[in-house]
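Asks: let me see the structure of the following:
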Amino acid sequence: MKRLISFTFGILPVFFITNFKNPKPSQRLNVLLITVDDLRPELKSFGANYIISPNIDEFATKGVSFLKHFVNAPSCGPSRYTLLTGLYGPATNDALFIRAKKIKQGNEIINPSMPEWFKTKGYTTVSVGKVSHHPGGKGGVDWNDSTIIEMPNAWDKNLMPVLEWEHPRGMMHGLAHGEIRINTRKMDVFQKVEGDDNIYPDAAITKEALNQLNELSEDDQKPFFLAVGIIKPHLPFGAPKSYYDRYANVVLPPIAHREKPEGRTTWHGSGEFNQYNRWGKHPNQDSVFADELRRHYAACVSYADAQVGKILTELKRTGADKNTVVVLWGDHGWHLGEHAIWGKHSLFEESLHSPLIIHYPKMKNLNIKTNAIVETLDIFPTLCDLTGIETPTFVQGVSLKQILENPRESSGHTAIAYKEDAKTIRTKTHRLIHHSDGFVELYDIRTAEKETKNIADQHPDLVNLLMKELKAKKP
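Replies: A predicted model of the protein is given here:
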């Protein structure tokens with residue numbers, strides 16, 4: 001009997017160490033990833049006091065908000081590529097399709113995507129809405145060709161309800177009651193229509209997300225990785241009139257540095273925005289029209305916030321909230337007149353700065369805001385770290401777990417971003433933009449001028465230092 005007792009106690013420490021390093025699938029934390037399209041940090045919890053975003057703000061009180069989160073590319077496709085692969089990639093909206101083509105050709109080893117990685121670790125992986133660049137993850141003319149998969153091997157289910165919007169492409173650029181984008185010149189840049197949430201596409205995405213949450217939470221044998229992609233506030237700016245009415249009498253803050261920059265910069269002509277019907281008006285010349293656009297964007301933010309609230313409420317109702325890491329992420333920023341730009345695609349702050357909020361069960365730091373500089377690449381390793389699964393060696397980001405545990409003591413790191421003809425690095429104090437032909441922009445973020453005064457010629461040593469770090473990152 002004594003020998004048996006001695007043997008039992010002898011193996012206990014080994015058991016606990018092994019179990020901690022490699023938790024059983026049923027003991028691992030679930031993941032709920034909520035992506036919101038074109039959402040700059042225009043949230044009350046991120047300092048935009050005029051915005052009505054109660055659900056995301058409430059979620060922020062339960063986690064850590066990264067006030068200095070920057071995406072790795074200022075457009076949907078390449079930004080979502082970095083999120084879903086943990087790697088820098090092509091600066092094009094077809095980035096994931098390019099990767100998929102390489103997988104199909106089989107000529108080189110392609111690292112698994114984040115959902116595929118979790119899938120190999122025993123997770124059920126489900127995508128609803130716009131998670132990769134194409135909602136539903138398929139190619140073809142209307143983004144519904146099942147022979148062209150954007151992310152092979154990634155999802156057990158990749159769902160995109162379309163209803164009266166006919167197809168994923170129609171949903172993506174849809175307005176109320178099934179209106180889809182056929183001729184952009186004839187589609188209004190914004191609208192407000194009487195009705196409930198269901199008259200716009202995101203309500204259908206949210207409803208399917210609730211169905212999946214309910215189904216996934218009932219499986220106590222496998223953890224889940226559920227990604228839900230909300231489309232608004234992506235163009236065109238449309239939301240039920242009740243959301244717009246909340247802003248009818250709100251005094252909007254002034255647009256910061258609203259003039260077009262002098263000299264050569266990362267400025268662009270807002271082509272994505274200008275393609276829509278604007279009734280012959282331009283917000284850079286018409287301040288009333290500019291305010292209308294900003295109110296409609298705000299209405300879309302509040303509409304998206306309502307969908308997020310429904311998802312988080314259902315997570316709590318199922319009880320799965322007690323065992324789920326939740327991440328809310330904006331896929332990039334959006335200019336609302338800053339630098340005379342209406343859109344994304346620049347390498348200025350407004351295009352690259354987006355919200356990131358992380359919550360996990362039993363976290364000690366609640367309702368914390370950190371100014372640590374982080375980037376989208378960090379989300380993949382962070383989720384691995386928080387769920388206790390192995391972090392792949394190929395990812396180019398770093399885990400944010402240490403910042404989540406000590407948000408006030410952590411400084412973060414630099415943030416890299418790129419487009420086809422330029423790259424940028426953001427430090428605590430400066431932003432450097434390096435164009436492919438060698439032209440350099442350098443801005444001191446601490447000054448009142450911020451990104452309106454290029455000081456590259458005045459600080460050659462700093463330019464060289466940042467250029468060296470930018471090249472070392474190899475974006």
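
Asks: all contacts plus neighbour counts: C-alpha atoms, from now on.
Replies: Fine.

Asks: stretch 247-264: end-to-end distance?
Replies: 36 Å (C-alpha to C-alpha, to the nearest Å).

Asks: do stretch 47-65 as well
Replies: 11 Å.

Asks: same thing with stretch 98-113?
Replies: 13 Å.

Asks: try stretch 80-92
Replies: Counting by C-alpha to C-alpha: the opening and closing residues of stretch 80-92 are 11 Å apart.

Asks: which phi and psi values does the closest residue to residue 60 other than its chain neighbours adopt?
Replies: Sequence neighbours aside, residue 367 is the residue nearest to residue 60 in space, at 5.9 Å (criterion: C-alpha to C-alpha, 6 or more residues apart in numbering). The phi/psi pair for residue 367 (degrees, to the nearest 10) reads phi 60, psi 40.

Asks: run through the stretch 1-150 of the chain and note the low-pLDDT ranges.
Replies: For the stretch 1-150 of the chain, the stretches flagged by pLDDT under 70 are 1-26.

Asks: now do the helices in it.
Replies: With helices called from DSSP state H, counting those that start in this stretch, the stretch 1-150 of the chain shows them at 2-21, 54-60, 76-85, 95-105, 114-120.

Asks: show me what the second one is packed against.
Replies: In this case it means helix 54-60. Under the contact definition 3 or more C-alpha pairs under 8 Å, 6 or more residues apart in numbering; DSSP states H and E, helix 54-60 sits against helix 287-318.

Asks: may I see the buried residues of the helix it packs on?
Replies: 290-312, 314-315 (16 or more other C-alpha atoms under 10 Å).

Asks: what's the following helix or strand after it?
Replies: Remark: after helix 287-318, the chain's next helix or strand is strand 324-330, criterion DSSP states H and E.

Asks: can I see the domain layout of the chain?
Replies: Listed by automatic domain parsing, the domain ranges of the chain are 28-414, 421-475.

Asks: distance between the longest one and the chain's centre?
Replies: Domain 28-414 has its C-alpha centroid displaced from the chain centroid by 4 Å (C-alpha atoms, centre = their mean, to the nearest Å).

Asks: tell me how far the ends of it are from each other?
Replies: Using C-alpha to C-alpha, the two ends of domain 28-414 sit 31 Å apart.

Asks: give me whichever of the domains of the chain is most buried.
Replies: domain 28-414 (a mean of 20; mean count of other C-alpha atoms under 10 Å).

Asks: where's the residue nearest to residue 60 relative to residue 321, distance?
Replies: 17 Å.

Asks: ok, now how distant is the closest residue to residue 376 other than its chain neighbours from residue 337?
Replies: Ranked by C-alpha to C-alpha, 6+ apart and with sequence neighbours excluded, the top spatial neighbour of residue 376 is residue 71, at 5.1 Å. Residue 71 is 20 Å from residue 337, where distance means C-alpha to C-alpha.

Asks: swap in residue 229?
Replies: Taking C-alpha to C-alpha, one finds residue 229 at 26 Å from residue 337.

Asks: ends of stretch 128-136, how far apart?
Replies: End to end - C-alpha to C-alpha - stretch 128-136 spans 7 Å.

Asks: cool, stretch 443-453 as well?
Replies: Span of stretch 443-453 from end to end, C-alpha to C-alpha: 6 Å.

Asks: so what touches that stretch?
Replies: The list of residues contacting stretch 443-453 from outside it, by C-alpha atoms under 8 Å, 6 or more residues apart in numbering, reads 257, 261, 348, 429-432, 454-456.

Asks: so residue 80 sits right up against residue 135, yeah?
Replies: No - contact criterion C-alpha atoms under 8 Å: residue 80 and residue 135 do not qualify, at 11.8 Å.
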